[in-house]
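**Student:** predicted model and sequence below, questions to follow.
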Amino acid sequence: MKLLVILLFSGLITGCGGNSSRSLPSKLLLVSFDGFRADYLQNYEFPHLQNFIKEGVLVEHVKNVFITKTFPNHYSIVTGLYEESHGIVANSMYDVITKKHFSDFDDKDPFWWNEAVPIWVTNQLQENRSSAAAMWPGTDVPIHNTTPSYFMNYSSSVSFEERLNNITMWLMNSNPPVTFATLYWEEPDASGHKYGPEDKENMYRVLKEVDDLIGELVHKLKVLGLWENLNVIITSDHGMTQCSKDKLINLDLCIDRSSYTLVDLTPVAAVLPKINTTEVYNKLKVCNPHMNVYLKEDIPARFHYQHNDRIQPIILVADEGWTIVLNKSLPKCDHGYDNSLSSMHPFLAAHGPVFHKGYKHSTINSVDIYPMMCHILGLKPHPNNGTFGHTKCLLVDQWCINLPEAIGIVIGVLLVLTTLTCLIIIMQNRLSVPRPFSRLQLQEDDDDPLIE
Ligand SMILES: [Zn+2]
């Protein structure tokens, strides 16, 4: 009981202390290995990553945001917002008012990014701090007229080594100091698309390469003396699912192409009708049983994917593993599907002075990462869809309690109280002195003769 009180008290004190007790701002490196499906960790070997986790924390599943595509999810991680709120609603977008287009290859217009403020911008507005990025979607765009102080223009041909060299150089030698940095790598997404996550042989090779890169990262941080004081988060944007040539949804079999514009195709198609919306909707609605068809106003609330002009009047959502095509028969192993599917989820691992060691957590939302990062950096977060409380168990300066622990503590307290009560009752019984039985005396008196 005493121990419990001490634990509660110390937890509350440290929990309330937060960042205020630290004189120097924490440094944070946020790393994304694109398309790192959560269960790769169980199904393949990652000696370097497992070492990293052993000394840090692991969140086994991160529930990402719908649609489960690269640009939207990377922006949710750094803003804490659902796609309808941060405005990057797909990898391919069209804005009907300005007639602007957005794609993987045409993403530099700040117009698309300015609906939110990413953490590298907020970090840089603090006195005596700067941000750095070795490629993360949006970091080479002047969002709200601000890029990170140090960044690289996106190019998939730049090696991991060069990205790592740059980011560590900036973390070490910049003034004002870099306190927030990002590092991005295209694998295992590229190979996941190419081979499919169930191709054990190829994925084993690719994932070993990814693990070796994590080994390189940790080794370099150690050699440069950055390892002990730097907080490092390794996560991803989405998972990957297996495809099949038998799982194709051919829109050309259902509707004439001239009646609509396709802004995005698969596995979530964004449809802008050229004729009557209801007519297009009715034709698509009966197109294929493995595809849900929604008018924008009927998109399920759980997707948080409705209130933005960039979301088109009709969206088509393929079932897991199904590919939406236009009169061609090539399936695509992909992501982008319903974010309640575990195959779409990535993981999160973290290491550093702010994180516990050897702690495992089952799940958080990807939008929860932003308020946690703001806490680590001592930044005031912008309004967001994340919940800081979901990540408290990962952090050493926070008091947290999970359900099994709570049940354990309640049972423990009840046991202690029951034992104490029993002891008190027993002790009371033992201490009580037996009193003479008064009626016996009366009986003795009764024996006396009435008249002597
Ligand atoms: Zn991706």
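**Tutor:** Good, I have the coordinates.
**Student:** tell me the pLDDT of Ser103.
**Tutor:** As predicted, Ser103 sits at a pLDDT of 97.
**Student:** contact partners for the closest residue to it other than its chain neighbours?
**Tutor:** Closest residue in space to Ser103, ignoring its immediate chain neighbours: Ser92 at 5.1 Å, by Cβ to Cβ, 6 or more residues apart in numbering. (Each C-beta comes from the backbone N, C-alpha and C, glycine too.) By Cβ atoms under 8 Å, 6 or more residues apart in numbering, Ser92 lies in contact with His101, Phe102, Ser103, Asp104, Val263, Asp264, Leu265, Ala270.
**Student:** who's the first one bridged to?
**Tutor:** The reference is to His101. Per DSSP bridges, the residues bridged to His101 are Tyr94.
**Student:** for His390, see how far away it is.
**Tutor:** For His101, the distance to His390 equals 36 Å [Cβ to Cβ, to the nearest Å].
**Student:** which of the contacts of Ser92 sits closest to the ion?
**Tutor:** For the contacts of Ser92, the minimum distance to the ion (Cβ to the ion) is 10.1 Å, reached by Asp104.
**Student:** between His101 and His390, who's got more neighbours?
**Tutor:** Of the pair His101 and His390, His390 is the one with more neighbours under other Cβ atoms under 10 Å, namely 19 against 13.
**Student:** now the more buried one. Nearest residue, chain neighbours left out?
**Tutor:** His390's closest residue in space is Asp368 (Cβ to Cβ, 6+ apart), at 4.4 Å.
**Student:** okay, that neighbour: pLDDT?
**Tutor:** pLDDT for Asp368: 98.
**Student:** which SS state does it fall under?
**Tutor:** helix (DSSP: H, G, I helix; E, B strand; the rest coil).
**Student:** ok, it touching Phe388?
**Tutor:** Yes: using Cβ atoms under 8 Å, Asp368 makes contact with Phe388 at a distance of 7.3 Å.
**Student:** get me the contact residues on the stretch 1-150 of the chain for the ion.
**Tutor:** Asp34, Gly35, Thr70 (Cβ under 5 Å from the ion).
**Student:** chain center to stretch 68-78, what's the gap?
**Tutor:** 10 Å (Cα atoms, centre = their mean, to the nearest Å).
**Student:** who touches stretch 367-385?
**Tutor:** 18-19, 22, 25-26, 28, 30, 62, 65, 76-82, 85, 116-117, 119, 122-123, 126, 179-180, 231, 233, 235, 304, 348, 354, 386-388, 390-391, 394-395.
**Student:** narrow these to those in helices?
**Tutor:** Mapping the contacts of stretch 367-385 onto helices (DSSP state H) picks out Ser76, Ile77, Val78, Thr79, Ser85, Ile119, Thr122, Asn123.
**Student:** closest to Lys283 out of these?
**Tutor:** Ser85 (31.5 Å; Cβ to Cβ).
**Student:** let me see the contact set for that closest one.
**Tutor:** Counted by Cβ under 8 Å, 6+ apart, Ser85 has contacts Glu115, Ala116, His304, His307, Asn308, Asn385.
**Student:** give the burial count for the fourth one, as a bare number.
**Tutor:** So the one you mean is His307. With other Cβ under 10 Å as criterion, His307 counts 11.
**Student:** any idea how far it is from His86?
**Tutor:** His307 is 12 Å from His86, by Cβ to Cβ.
**Student:** now the second one
**Tutor:** Using Cβ to Cβ, one obtains 4 Å as the distance from Ala116 to His86.
**Student:** more neighbours: which of those two?
**Tutor:** His86 (27 against 22).
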